[in-house]
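*Asks:* task: produce atomic coordinates for the following.
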Amino acid sequence: MSAVKYFIKQNSRKLAIDEFLARELNAAGYGGVEIRKMPMKTEVVIHASRPGVVIGRRGAKIRELTYILENEFGIERVQIEVSEIENPWLNAAVMASRLARQLERGVRFRRMAYWILRRVMRAGAIGCEIIVKGKLSSRRARYQKFKQGTIAKTGEPADLYVDHANDMAILKPGVIGITVRIMGPTAKLPGVINIKPPKPRKKEEIELVKKPEEDVPEEVEGVEETFEGITDIDELRELEELDGLELVEEPPEVVKEEKPETKEEPPEEEATKAEEETSEPAEETILEDLKELDDLEEGGVE
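*Replies:* Numbers count the residues shown, from 1 in each chain. Down below sits the predicted model:
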């Protein structure tokens, strides 16, 4: 058998096992299967949200699945392990199965699709897409898409980080197909840079790291500071605070304005006194003259 035919046979058998387990473990929240071939055995790891349903009472379901895998699918020395899904809201197979079962119970597809979309995004997914196809609300078939966030459709991010699952709901009008794509929080998209915050320092590290001591200028001996020539009171106050000096505020110097020399006029009283002094000798001379005239007239008459 060539390598191509060998890998085709292995993958087709894995797909058949996956479909069989999805039907058998529908109530257990089946989320996928991994087949690991080893020298002494073949491990079959079943992922489910409810491991107790997969195991069954006293392991009855596990024994039944082991018998079917060995006889119907031709797997030798099967050992089944059950792994619980930590966060079923980020598993596309679980969400597709849950939506299909709710549609079969009669729940409206829009209400259930939006509810699952919100819960998936609340669980931390980068993006989620739900596609429902079939006879939804009319005679003719159509599809309805519900999307939130970012979903990679091509390239390596789509192959590595997008979880894809399909399921179907069988109703009276016909079959409704369901497709769910979920991009988990661990996806690394090209062009997206995540900056990590700095780690907080411990108290011990903060105590060990000391600030460098500041260089204090040494005082020069033999130099006395003088405050002559400092006229700004604010500067003197600063020096007072630094050196403990008492500041004595000097009164501001009054600049005498030189007035132009003007002749002082005597006041009115002095002027009247001067007039009286000058008028008194004049009156005495007049009286003396009048007396002489009187004497002359008397002498002439006699």
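
*Asks:* from M168, how far off is A187?
*Replies:* Distance, A187 to M168, by C-beta to C-beta, to the nearest Å: 27 Å. For glycine as for every other residue, the C-beta is placed from the backbone atoms N, C-alpha and C.

*Asks:* which one's more surrounded, those two?
*Replies:* Between A187 and M168, A187 has the larger neighbour count (other C-beta atoms under 10 Å), namely 19 against 15.

*Asks:* skipping adjacent residues, who's closest to that one in space?
*Replies:* Distances taken as C-beta to C-beta, 6 or more residues apart in numbering place Y161 nearest to A187, at 3.5 Å, with adjacent residues excluded.

*Asks:* pretty sure that neighbour is touching M183, no?
*Replies:* Yes - if you go by C-beta atoms under 8 Å, Y161 and M183 touch, sitting 5.6 Å apart.

*Asks:* shaky segments in this structure?
*Replies:* Applying pLDDT under 70 to the chain picks out residues 204-286, 293, 296-302.

*Asks:* do that again at 90, thanks
*Replies:* For the chain, the stretches with pLDDT under 90 are 1-7, 9-44, 46-88, 136-140, 154-157, 173, 186-302.

*Asks:* please parse it into its domains.
*Replies:* Domain assignment for the chain, taken from automatic domain parsing, gives 3-85, 90-183.

*Asks:* dump these to JSON lines, plus distance to L290.
*Replies:* Shown next, in JSON lines, are the domains of the chain (distance: least, C-beta to C-beta, whole Å):
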{"stretch": "domain 3-85", "distance to L290": "156"}
{"stretch": "domain 90-183", "distance to L290": "141"}
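
*Asks:* return the most buried member of those.
*Replies:* domain 90-183 (a mean of 17; mean count of other C-beta atoms under 10 Å).

*Asks:* span of it from start to end?
*Replies:* Terminal residues of domain 90-183 are spaced 8 Å apart (C-alpha to C-alpha, to the nearest Å).

*Asks:* before we move on, the earlier item: between Y161 and M183, which contacts overlap?
*Replies:* A152 (C-beta atoms under 8 Å, 6 or more residues apart in numbering).

*Asks:* and S83, what are its phi and psi?
*Replies:* phi -120, psi 130 (degrees, to the nearest 10).
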